[in-house]
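A.B. asks: have a look at this prediction, sequence included:
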Amino acid sequence: MPKVVIVSTSADDLGGHPTGLWIEELATPYYIFKEAGHEVVVASPAGGAVPIDASSMSDGFFTEEAKKFMHDGEAFGQLSHSVKLDSIDVSTVDAIFLCGGHGVCTDVVDCPSLKSVIETLYASDKVVAAVCHGPMGLPQCNKPDGSPLVAGKVVTGFTNSEEKAVQLETKVPFMLETKLKEQGSKYESAADWNSKVCVDGKLVTGQNPQSSEECAKAVVALL
């Protein structure tokens, strides 16, 4: 049974802006991985309870999968008691999936334990996936040869125009689209708020919340 570790943020604040996990980006992939018969572990930098961005549970954003997750004892239990990243035995992991929410801009962008896990999995030809702001965790990572992990790779992630649309461009540590391009990736995107997923070898990236389902299915196809 393949083991997938879904990584969420432990942060509930970004420069004074209340934030956390965008729940849909964890809930939808969680059920896709479960239905595929995979073992799913929810992890975070600090471990313990994962903060949820209240906006992701508001009208228009609170999807059926997210509602199901919030009322699912087993699923919500994992979110309430997430595993600390540095306690994970990477040798048992087949895929990592970084979900978004602006909380990741606080604690995932510079996270030695996450960097170690991603670099080890990538070097072992395991699946590394990230959606929306999840790819904020990739620029800190390198390939075994020392070059940026995304260099030469076809990737996507939250666009500059999407960041400006939510008016948090002055809060984030860097604009994700710009950073991925600076690191030599072949960055692609769809129109704002449309699903876009890039698969390059075992690296899978999704642009925004609308991409979480397609992104998770792409991971399943590689396992």
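C.D. replies: It's in. Numbers count the residues shown, from 1 in each chain.
A.B. asks: ranges for the helices of this structure?
C.D. replies: Counting by DSSP state H, the segments of the chain that form helices are 24-35, 64-70, 73-80, 104-107, 112-123, 160-165, 176-182, 212-222.
A.B. asks: go through the ones you listed and name the closest to Ser55.
C.D. replies: Across these, Ser55 has its closest neighbour in helix 24-35 (10.9 Å, C-beta to C-beta). C-beta coordinates here come from the backbone N, C-alpha and C atoms, glycine included.
A.B. asks: what's the model's confidence in the closest one, averaged?
C.D. replies: Averaged over helix 24-35, pLDDT sits at 97.
A.B. asks: cool, stretch 132-143 as well?
C.D. replies: Per-residue pLDDT over stretch 132-143 has a mean of 98.
A.B. asks: for that stretch, measure first residue to last.
C.D. replies: Length of stretch 132-143, first residue to last, C-alpha to C-alpha, to the nearest Å: 22 Å.
A.B. asks: list the buried residues for that stretch?
C.D. replies: Within stretch 132-143, the residues scored as buried using 16 or more other C-beta atoms under 10 Å are Cys132, His133, Gly134, Pro135, Met136, Gly137, Leu138, Pro139, Gln140, Cys141, Asn142.
A.B. asks: contacts only, for the fifth one.
C.D. replies: Taking C-beta atoms under 8 Å, 6 or more residues apart in numbering as the criterion, Met136 is in contact with Gly100, Val104, Cys105, Val108, Val109, Gly157, Val172, Pro173, Phe174, Leu176.
A.B. asks: okay, now Ser80: neighbour count?
C.D. replies: Ser80 sits with 12 neighbouring residues when counted by other C-beta atoms under 10 Å.
A.B. asks: surely it and Ile52 touch.
C.D. replies: No - with contact defined as C-beta atoms under 8 Å, Ser80 does not count as touching Ile52 (10.5 Å).
A.B. asks: for the residue of the chain positioned farthest from its centre, phi and psi?
C.D. replies: For the chain, the largest distance from the centre (C-alpha atoms, centre = their mean) belongs to Asp145, which lies 24.1 Å off. Per-residue torsions, Asp145: phi -80, psi 0 (degrees, to the nearest 10).
A.B. asks: for Pro139, see how far away it is.
C.D. replies: 16 Å (C-beta to C-beta, to the nearest Å).
A.B. asks: what do you get for Val90?
C.D. replies: Separation of Val90 from Pro139 (C-beta to C-beta) stands at 20 Å.
A.B. asks: related to what we said a few turns ago, dump the helices of the chain to JSON lines, plus distance to Gly15.
C.D. replies: Shown next, in JSON lines, are the helices of the chain (distance: least, C-beta to C-beta, whole Å):
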{"stretch": "helix 24-35", "distance to Gly15": "21"}
{"stretch": "helix 64-70", "distance to Gly15": "25"}
{"stretch": "helix 73-80", "distance to Gly15": "24"}
{"stretch": "helix 104-107", "distance to Gly15": "8"}
{"stretch": "helix 112-123", "distance to Gly15": "21"}
{"stretch": "helix 160-165", "distance to Gly15": "13"}
{"stretch": "helix 176-182", "distance to Gly15": "16"}
{"stretch": "helix 212-222", "distance to Gly15": "25"}
